[in-house]
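> Below are the sequence and a predicted model; questions follow.
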Amino acid sequence: MTDIRFPFPEPPAFGEPLEIAPGIMWLRLPLPFRLDHVNIYLIEDGDGWCVLDAGICDERTMQHWEAVLAGPLAGLRLTRLVVTHHHPDHIGLAGWLCDRADIPLLTSQTAYLACANLALAPGSPQDRQFHDFYINHGTTREVADLMGSRGLEYLRMVSPLPNTFLRLLSRDVLTIGKRRFRVLTGDGHAPEQVMLYCEEDRLFFSADQVIAKISPNVSVWPNEPDGDPLGHFVRTARRIRDNLPDDVLVLPGHQLPFTGLHARCNELVEHHDRRCDLIGEAVQSGPMTVNELVPVVFPRELDLHQFGFAFCETLAHVNRMLRRCELVKTTGSDGIVRYGASAGRTVENDI
């Protein structure tokens, strides 16, 4: 990370906005996970402030918002809420905040509809397809049951969305105060994830697409078991690298703002290439299930919440390798899917 710099080496305390550029404030809110925070940004918008992302729907986050609105932002008006993607740590409190501040919601259509779908209790234990997704890839029935009952509690940490929203599309121009932002969208971590780029001030709000020290989770989920989110993620990283200048200030959804965008995009691509290499080496000794490959890709102790993400991300690497003809998929008489080494490879789908 020699080409990556952190102009603000210390984050603000939870609920205490920090000005990091004229008319730009950085706010941190807590998360009840190992990744214990989410970054919220406030952008000066005429006589008020536009909010970028809302935080997760839990009592602690609501209390922080109430303290911020009564303290540092007392007397200031919120104008609108822009949500980058449908994950609960970003959209969870969107409905609550829009109602609390009487402001409109702006987001991608995919984010809005995906969040609305979360209210339908996805992945319930009664969902046979969800249960079989884990069983067929090598987990025990006990683990599959736990994933259905407790592994997806995170996905339900959302407040009801407003009944209306303004759709943001790639290449839209969004004027916030005196600044003009180009809307970019990315895929892999979340479909149609919204990012904002201000060319004049070299500001890039990258959401969870580009983060400095961690790789965003890239997962295959039960409703799209043969999908290729890793291919989407890699293509987005390359597109960002090739179309944005390297000297932007990157303002991510987690961890610290940084400079060195091109180097970080290259690192993310190389990181996933290495994980694919680990899988390729592991299956040389014989076909393996996704469950058996999880410790190959994530060689550390995982709790249930972490295991769910690790399992689905391992499958994302497997599916990418299948597309590149680096693996062969077989289904045994027991119904278990295993992946073995392939003799050939094609780069046809590796653009």
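Now that the structure is in, tell me what you want to look at.

> Return the distance of Asp208 relative to Asn243.
19 Å (CB to CB, to the nearest Å). Heads up, the C-betas are built off the backbone N, CA and C, glycines and all.

> if you count what's nearby, which of those two comes out ahead?
The neighbour count for Asp208 versus Asn243, taken as other CB atoms under 10 Å, is higher for Asp208 (25 against 10).

> OK, contacts around that one?
84-85, 87, 90, 189-190, 193, 216, 252-254 (CB atoms under 8 Å, 6 or more residues apart in numbering).

> same check, this time on Val294
Contact criterion CB under 8 Å, 6+ apart gives 302, 307, 310-311, 314 as the residues in contact with Val294.

> mind running it again at 6 Å?
Val294 makes contact with 310-311, 314, according to CB atoms under 6 Å, 6 or more residues apart in numbering.

> Among these, which are located in helices?
310-311, 314 (DSSP state H).

> In the stretch 201-350 of the chain, what residue spans correspond to strands?
Using DSSP state E, counting those that start in this stretch, the strands assigned to the stretch 201-350 of the chain run over residues 203-207, 249-252, 327-331, 337-341.

> Tyr134: which of those strands is closest?
Comparison of these against Tyr134 by CB to CB identifies strand 337-341 as nearest, at 11.2 Å.

> Show me which residues of that closest one are buried.
Taking 16 or more other CB atoms under 10 Å as the neighbour-count basis, strand 337-341 is seen to contain the buried residues 337-339, 341.

> Grab the CA positions of that strand and hand them over as PDB.
These are the backbone C-alpha positions of strand 337-341, laid out as PDB (Å, rounded to 0.1, in the frame of the first residue of the first chain):
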ATOM      1  CA  VAL A 337     -21.700 -30.400  -5.500                       C
ATOM      2  CA  ARG A 338     -17.900 -30.600  -5.700                       C
ATOM      3  CA  TYR A 339     -15.400 -28.700  -7.700                       C
ATOM      4  CA  GLY A 340     -12.300 -30.200  -9.300                       C
ATOM      5  CA  ALA A 341      -9.300 -29.000 -11.300                       C
END
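
> contacts for it?
Strand 337-341 is contacted from outside by 136-137, 283-284, 287, 289, 318, 327-331, using CB under 6 Å, 6+ apart.

> Could you give the separation between the terminal residues of stretch 5-18?
End-to-end distance for stretch 5-18: 19 Å, by CA to CA, to the nearest Å.

> and if you look at stretch 172-192?
End-to-end distance for stretch 172-192, by CA to CA: 13 Å.

> what does it rub up against?
By CB under 6 Å, 6+ apart, the surrounding residues in contact with stretch 172-192 are 43-46, 50, 85, 87, 108, 110, 168, 170, 193-198, 208-209, 216, 218, 229, 232-233, 236.

> which among the residues you listed end up buried?
For those, a burial check counting by 16+ other CB under 10 Å picks out 43-45, 50, 85, 87, 108, 110, 168, 193-198, 208-209, 216, 218, 229, 232-233, 236.

> Alright, calling it a day.
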